[in-house]
Each structure stands twice: as structure tokens, then as C-alpha cells.
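Visitor: Give me coordinates for this.
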Amino acid sequence: ATPDDDIVGPATLRVALLLMKHAFDDTFVSALAGILRWLRGEIDSDEGRQYLQVVLEYIARVARNASEEELTEMISRGLSPREAEQMATVAEKWLEKGRQEGLERGLEQGLERGLERGLERGLERGIKEGRRASAREAVLAVLTTRFTVVPAGLARQVQGLDDLQVLDALHRRAIVAESLAVFREELDQLLAQ
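Guide: Model (predicted):
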């Protein structure tokens, strides 16, 4: 495997490649501080903050075995105090948005089937849909990072998927696919199963 310091290019590319490199190994959480140091000074613009939000969503998606405290500590170590504060603001907005979406779905269900039962089911569905949306975004983010342009038809096909297992498998394949054509073939094979 290529040593982390040998991965070169713009900071955003380095971060994306290092996150993908460590995403499925035991060093992911401990590597975060070193990976995120490349973002120092990059999140002063709206574009930089949007990139940080995508990075945080990706980290939340793949760091299933890490506690919230571990992730927060490693992320804070990788960023300057001001950037860590901005990161907290982005994360709070992200969480609030998720809460709002879940609450809105819960309220809709509550009106249809009874307030108490509907809130519970709506929140569950909101969380599941949030996970599906995050999985779709993770696949497309990896493809965009690796291949720059994702054809609209392929993006629509990924956006139309609901099965989390299929989306997780696609995420892994997007990381290692040699080309968009190879990825598309693997997508077709997964859907044919």
C-alpha cells in the first residue's frame, strides 16, 4: 500500500483519497487527525465548508465502529481550533437538518395514523431514508472525486436505489473501480442479482 505521505495533489483530493484508503481498516479513526490536517485553511469559503460537510457525512457513514467521542477528538485534532469550531457549527446544522427531516416525516405519519404511532414510525422512516440518502451521496461523492464527472443517467440510477446493502456494495466498488465503465458493469451485475 502507498504510504500516506506519498499521496499528493490538491488538499481536497488528498483528503478524499486518504479517507477512502483508510475507510475500511482498523486505522481509520486514528488516521483522521492526520488526514484532516490537509483541510487546514481550506474551509474559509462556502465551497470549503460544503466540502467539509461532505467529508463529515462520509466519516459518519463509514466510521460505524467508532464512538462519537473518538470521532470528535480525532476530528478536532486534525483541524485548527477555529476550524474545529466551524466544523462543530457545520455538524450541528447537519444534525439539525436530519432532525427536522425526521420530525417532518413523523408529523405527516402522525396525522394519517394517529399522532403517537405516526411520530414513532415517521421518525424511523426518516432515519432510514436519511441513511439511504447518505449512502447514495457517498457513492456519488466517491465517483465524482475519482472520475470528476458522473454521467446524469448513472447519477439518476444511483439516486433511484433504496437497498442499503446494494448501496454499501456500490460504495466499496466505487472506491476501487478502474473506470466509470467498470463501475457501471458492476452496478448492472448487482442489480441483476
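Visitor: how about the most centrally placed residue in the chain, secondary structure?
Guide: Most central in the chain under Cα atoms, centre = their mean is Tyr58, positioned 2.4 Å from the mean C-alpha point. Each residue gets one of three states, and Tyr58 gets helix by DSSP: H, G, I helix; E, B strand; the rest coil.
Visitor: cool, and Asp26?
Guide: Following three-state DSSP, Asp26 is assigned to coil.
Visitor: For it, what are phi and psi?
Guide: With angles defined as degrees, to the nearest 10, Asp26 sits at phi -70, psi -10.
Visitor: Is the residue nearest to the centre of the chain in contact with Val139, as I believe?
Guide: No - the criterion here is Cβ atoms under 8 Å, and Tyr58 misses it with Val139 at 10.7 Å. (Each C-beta comes from the backbone N, C-alpha and C, glycine too.)
Visitor: picking up where we left off before, for the residue nearest to the centre of the chain, give me its contacts.
Guide: Listed by Cβ atoms under 8 Å, 6 or more residues apart in numbering, the contact partners of Tyr58 are Leu19, Ala23, Ala138, Ala141.
Visitor: Repeat that for Met74.
Guide: Val29, Ser30, Leu32, Ala33, Leu36.
Visitor: that older thread, report the two of the contacts of Tyr58 separated the most.
Guide: With Cβ to Cβ as the measure, no two of the contacts of Tyr58 lie farther apart than Ala23 and Ala141, at 12.0 Å.
Visitor: gap between the one helix or strand Ala135 maps to and the chain center?
Guide: Element membership of Ala135, judged by DSSP states H and E, is helix 115-147. Remark: helix 115-147 is offset 10 Å from the chain centroid, using Cα atoms, centre = their mean, to the nearest Å.
Visitor: Which neighbouring elements make contact with it?
Guide: Here helix 115-147 touches helix 11-22, helix 46-62, helix 81-113, helix 152-159, helix 164-176, helix 180-192, going by 3 or more Cβ pairs under 8 Å, 6 or more residues apart in numbering; DSSP states H and E.
Visitor: Could you tell me the least trusted of those?
Guide: Mean pLDDT is lowest for helix 81-113 among the helices and strands packed on helix 115-147, at a mean of 63.
Visitor: circling back: restricted to strands, list the contacts of Met74.
Guide: Per DSSP state E, strands hold no members of those.
Visitor: Now list the buried members of the residues you listed.
Guide: Val29, Leu32, Leu36 (16 or more other Cβ atoms under 10 Å).
Visitor: Reduced to three states, what does the residue lying closest to the second one once chain neighbours are set aside come out as?
Guide: Spatially, and ignoring its direct neighbours in sequence, Leu32 is nearest to Met74 (3.8 Å; Cβ to Cβ, 6 or more residues apart in numbering). Judged by three-state DSSP, the three-state class of Met74 is helix.
Visitor: when you give positions from now on, start the count at 52
Guide: Shifting the count to begin at 52 puts that one at Met125.
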